[in-house]
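**Student:** Next come a sequence and a model predicted from it.
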Amino acid sequence: MNEYGRRGLRSGSSAAHQQRQYTDNFINTTSSSNGQWQQSAGLQHPQQQSYNTSSSMDYGYYNGNGAQASRTYNNSRNISPQMPVSGGTSLFAEPLSPPARHKKLGVGGGDNPSDFSPGLLDLHSFDTELISEVPVTRMHNASLNGDPYYENSKQNSINRGLSDKEKGSSVAKIKVVVRKRPLNKKELAKNEEDIITTESRSNCLAVHETKLKVDLTEYMEKHEFVFDAVLNEEVSNDEVYHETVEPIVPIIFQRTKATCFAYGQTGSGKTFTMKPLPLKASRDLLRLMHHTYHGQGFQLFFSFFEIYGGKLYDLLNDRKKLCMREDGSKQVCIVGLQEYKVSDVETIKDLIDRGNSTRSTGTTGANEESSRSHAILQLSVKRSVDGSESKPAKVVGKLSFIDLAGSERGADTTDNDKQTRMEGAEINKSLLALKECIRALDNDQGHIPFRGSKLTEVLRDSFVGNSRTVMVSCISPNAGSCEHTLNTLRYADRVKSLSKGNKKETVNVKESITQPEEDDYDTTEEFYEPRSKPLSRNWNPDDDLNALLKEEEDLVDAHRKQVEDTMNIVRVEMNLLVEADKPGNQLDDYVVKLNTVLAEKAAAISQLQNRLAHFQKRLRDHNVLVTSSGL
Ligand SMILES: Nc1ncnc2c1ncn2[C@@H]1O[C@H](COP(=O)(O)OP(=O)(O)OP(=O)(O)O)[C@@H](O)[C@H]1O
């Protein structure tokens, strides 16, 4: 059980998804007031039914009072689901439920808003497009400056003195941050070494990998990387927020869609890193709404869903299955997703807790309660054209937080059951697709392969136009995770090198190798890309297969060479033995020496055999990946 108090139960060897429960302390706010909610995001705006709730989390009982569509939920927590309910193009036309009938809404049972028939789908009714530029009067500068909390932040000092526009443009389009977690109890108990050194001021990080030469002597290989920010194990979640999301918050009011996601090996701290960010961002968004943009008609909406096995589930609506559609202008609509209008942090905290408790988790070798799904939490700032509440609100900007499922090497999942392996293949496929999209976007390619996975399809609108992306790469410090860590850093490095500014620097990574590397191939298990090969635009399984076959050939050659060497040694030594086995000679010395040499050779051969076996697993994983991707 980790500090979040997760429930990590696993039935038998099955990795069937489980529920995660958090008991973490969030920032406390005292604000809690009656709320109103209206359904407006969908095809229908059912706005005239009054709901009176008696409990704070239960959306309670309501009085469905008629054919006119207007709902007012009096909820003690300002939770306002704004639900896309389809039903033709005429807004406000259809009642959502039989009139004058009391229904109980809420979590777990009874009727809930999502039970209403989706009806016909009219994608034009979704408010997916950003609102066109509308003038807003500002009471203060549209930033968090002046706020006592924000004044303390590092970012503030950087931004101070810049206009809003300058601030917006000063926020990098893609920012890659690396966070190293401390050694955990298990690793400390095993006396595992911390192999990562960081230099936060210069944003440098080095991985010290212990390697064995063929003669079994050890040598140290040092891999150095430079990122936009390097956060070591002492860095708090507050500092992570300052470094990642805080600079983006003000520009969400300036028609920006931003995405923050954590990437890394299972158990490396993605959830630990991502979990506090939405609440901190909500607090700042609300602060701007209530102070800087007070009276301007901005509204904040909250939604939370997951992608598991390529399918979408609403985490705030009993895991209701959702479907994704694109409208004529290629805007993404998630049909049936409940959006909650929120106006206080406490409500958001409740919603986050609720969503997290229904997330799919499982057990992996490195994390007893591993996220087996991608969880996407979205905060949308909306406003009607004239800022009044009577007109439908349209999206001004959106901040998406993605807690990606743990990236496990295929090789690590071989002992798992079919479901876990298929989950792994699906996860790897989506991570690969994500990387391909970021690459293509940065190259200004006409075609962005969003359709590569459900994850990238869903995120399409967060990556195009005026978008910002922050990737937090989480790494484990222990020697046992070295290979995973290098894979994560190489992935991050590729994303980093996408950003226009960095292209001039050509290669971001400076992997200084103290011993020649015999392996020409990047050991990124998911992708198997030869290091020297130019990065392909689109993943081609045949390329991967060819790389794998080449690797196999190299391994078999190395193995054959070792065996031949050993045979030669034996032949030579046998002659020497015959010589040594003569009166007066030191036969025992020869035997000892020969045994040592042969033992070394046997170890080298066995090491190669292990690598071959490991390789075979990877080949099988490749097949799973190809099969699951339908290529
Ligand atoms: N920076 C950190 N400081 C202290 N503890 C941490 C840190 N990062 C992670 N941990 C702890 O390590 C464990 C694993 O972290 P977490 O669940 O966030 O990993 P994950 O990358 O989300 O894993 P998965 O992908 O399998 O879901 C948790 O117990 C968490 O509390």
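**Tutor:** Looks like it came in fine.

**Student:** what are the phi and psi angles of the residue in the stretch 51-200 of the chain that the ligand sits nearest to?
**Tutor:** Closest to the ligand within the stretch 51-200 of the chain is residue 181: 3.5 Å, counting by Cβ to the nearest ligand atom. Bear in mind the C-beta positions are built from the backbone N, C-alpha and C, glycine included. Residue 181 adopts backbone torsions of phi -90, psi 160, taken as degrees, to the nearest 10.

**Student:** which residue sits closest to it, ignoring its sequence neighbours?
**Tutor:** residue 269 (4.0 Å; Cβ to Cβ, 6 or more residues apart in numbering).

**Student:** And stretch 226-243, end to end?
**Tutor:** 16 Å (Cα to Cα, to the nearest Å).

**Student:** make that stretch 359-373, sorry
**Tutor:** 7 Å.

**Student:** hang on, the earlier thing: is the residue of the stretch 51-200 of the chain closest to the ligand in contact with residue 272, as I believe?
**Tutor:** Yes: at 7.2 Å, residue 181 and residue 272 qualify as touching, with contact defined as Cβ atoms under 8 Å.

**Student:** what residues do the two have in common as contacts?
**Tutor:** residue 474 (Cβ atoms under 8 Å, 6 or more residues apart in numbering).

**Student:** tell me the contacts of the residue of the stretch 51-200 of the chain closest to the ligand?
**Tutor:** Here residue 181 is in contact with 233, 268, 269, 272, 474, 475, 476, 477 (criterion: Cβ under 8 Å, 6+ apart).

**Student:** if we go to 10 Å?
**Tutor:** Residue 181 makes contact with 196, 231-233, 235, 264, 267-270, 272-273, 474-478, according to Cβ atoms under 10 Å, 6 or more residues apart in numbering.

**Student:** From those, list just the buried residues.
**Tutor:** Burial by neighbour count, 16 or more other Cβ atoms under 10 Å: within those this picks out 196, 231-232, 235, 264, 267-270, 272-273, 474-478.

**Student:** Would you mark the buried spots in stretch 223-241?
**Tutor:** 223-232, 235, 240-241.

**Student:** Now secondary structure and pLDDT too, for those, in TSV please.
**Tutor:** Putting those into TSV (DSSP: H, G, I helix; E, B strand; the rest coil; pLDDT from 0 to 100) gives the following:
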residue	secondary structure	pLDDT
223	strand	94
224	strand	94
225	strand	94
226	strand	94
227	coil	93
228	coil	93
229	strand	95
230	strand	96
231	strand	96
232	coil	96
235	coil	96
240	helix	97
241	helix	97
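
**Student:** one step back: quick one: the residue nearest to residue 181 and residue 358, what's the gap?
**Tutor:** 22 Å (Cβ to Cβ, to the nearest Å).

**Student:** From the contacts of residue 181, list the ones also adjacent to the ligand.
**Tutor:** The subset of those within reach of the ligand, by Cβ under 6 Å from any ligand atom, is 264, 267, 268, 269, 270, 272, 474.

**Student:** Give the bridge partners for the first one, please.
**Tutor:** Beta-bridge partners of residue 264, counted by DSSP bridges, are residue 474.

**Student:** Show the pLDDT at it.
**Tutor:** Per-residue pLDDT puts residue 264 at 88.

**Student:** in terms of contact, does it touch residue 477 like I think?
**Tutor:** No: using Cβ atoms under 10 Å, residue 264 makes no contact with residue 477, being 11.9 Å away.

**Student:** any residues in contact with both of these two?
**Tutor:** Contacts common to residue 264 and residue 477, judged by Cβ under 10 Å, 6+ apart, are 181, 485.

**Student:** Now do the one helix or strand residue 488 maps to: which elements does it pack against?
**Tutor:** Using DSSP states H and E, residue 488 sits in helix 482-496. Contact analysis of helix 482-496 by 3 or more Cβ pairs under 10 Å, 6 or more residues apart in numbering; DSSP states H and E lists strand 174-180, strand 196-199, strand 204-212, strand 218-226, strand 257-264, helix 418-442, strand 467-475 as its packing neighbours.

**Student:** For those, which has the smallest mean pLDDT value?
**Tutor:** helix 418-442 (a mean of 72).

**Student:** Could you identify the helix or strand that succeeds it?
**Tutor:** Next element after helix 418-442 (DSSP H and E): helix 454-463.

**Student:** now that following helix and strand 174-180, what's the angle there?
**Tutor:** Interaxial angle of helix 454-463 relative to strand 174-180 (axes from the mean of the first three to the mean of the last three Cα atoms, to 10 degrees): 120 degrees.
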